[in-house]
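> Predicted coordinates and the sequence they were generated for:
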Amino acid sequence: MATSPNPTKQYPSTQFVESCGAILFNLSTAPKTVCLIHYHPKNEWLLAKGRRNCGESRHEAAIREVREETGYKARLHPVRMHTRAPPLDERGHVPDEPREYADLTEPFMVTMRELGGDGVKIIWWYVAALDEGVVPESGGSGGEEEFTAEFFPLEEAVERLSFRNDRDVLQRAISLVD
């Protein structure tokens, strides 16, 4: 029996966890701002994300996690981006190569985080915007108490994030909404 010519790792369900997050933008102001969460126990500035529940879609998990951690209602925001996914109306063979599409609400990035030899965390990232009529000044309601949500100008938000990987995710999201 042949093996794949490509490096491959496989994980049973006991060794992986799926998380979903969304970069929450306020697109109704000039300049645009983005929401970060301050995690009080560790004094860290983070992007909203969390584990996907059984039976929940990835995009539903991303929006739920934004709501839980920031207190703000949001929706996925369509962006123009490249992806290797074939079009919805795929007909015949479509080469496995990046193509540009408009108005996508697909994940724009995935993070693979090793869990200290005990598996992997897979984080699917989306672009989101505040729901119509929601303004940051109204404050998020119902966010988890160990977090405080705050909107920042884009460049300031990049600098404020505690971790380099989060900065990379945010910079990619900014490039898609600019």
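Okay, I see it. Residues are numbered from 1 along each chain as shown.
> and Gly21, which of the three is it?
The three-state assignment at Gly21 reads strand, by DSSP: H, G, I helix; E, B strand; the rest coil.
> for the residue nearest to the spatial centre of the chain, which residues make a bridge with it?
Nearest to the mean C-alpha position of the chain, counting by Cα atoms, centre = their mean, stands Trp125 at 2.4 Å. Counting by DSSP bridges, Trp125 is bridged to Gly21, Met109.
> I'd assumed Thr111 was in contact with it.
Yes - counting by Cβ atoms under 8 Å, Trp125 does reach Thr111; the two are 7.0 Å apart. All C-beta atoms are positioned from the backbone trio N, CA, C, and that covers glycine.
> Common neighbours of the two, please.
Counting by Cβ atoms under 8 Å, 6 or more residues apart in numbering, the contacts common to Trp125 and Thr111 are Val169.
> Tell me the spacing between Trp125 and Thr14.
In this view, Trp125 and Thr14 are 24 Å apart by Cβ to Cβ, to the nearest Å.
> what bits of the protein have low per-residue confidence?
Within the chain, the stretches with pLDDT under 70 are 137-142.
> Run through the strands of it in chain order.
16-26, 33-39, 44-46, 49-51, 74-76, 79-83, 99-104, 109-114, 120-130, 147-153 (DSSP state E).
> could those go into TSV alongside distance to Ala2?
Shown next, in TSV, are the strands of the chain (distance: least, Cβ to Cβ, whole Å):
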stretch	distance to Ala2
strand 16-26	25
strand 33-39	47
strand 44-46	43
strand 49-51	36
strand 74-76	40
strand 79-83	29
strand 99-104	30
strand 109-114	25
strand 120-130	25
strand 147-153	49
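> Tell me which of the ones you listed sits nearest to Asp166.
strand 44-46 (6.4 Å; Cβ to Cβ).
> Can you report how many residues neighbour the closest residue to Asp96 other than its chain neighbours?
In space, Asp96 comes closest to Arg84 once its chain neighbours are excluded; the distance is 6.0 Å by Cβ to Cβ, 6 or more residues apart in numbering. By the criterion of other Cβ atoms under 10 Å, Arg84 has 10 neighbours.
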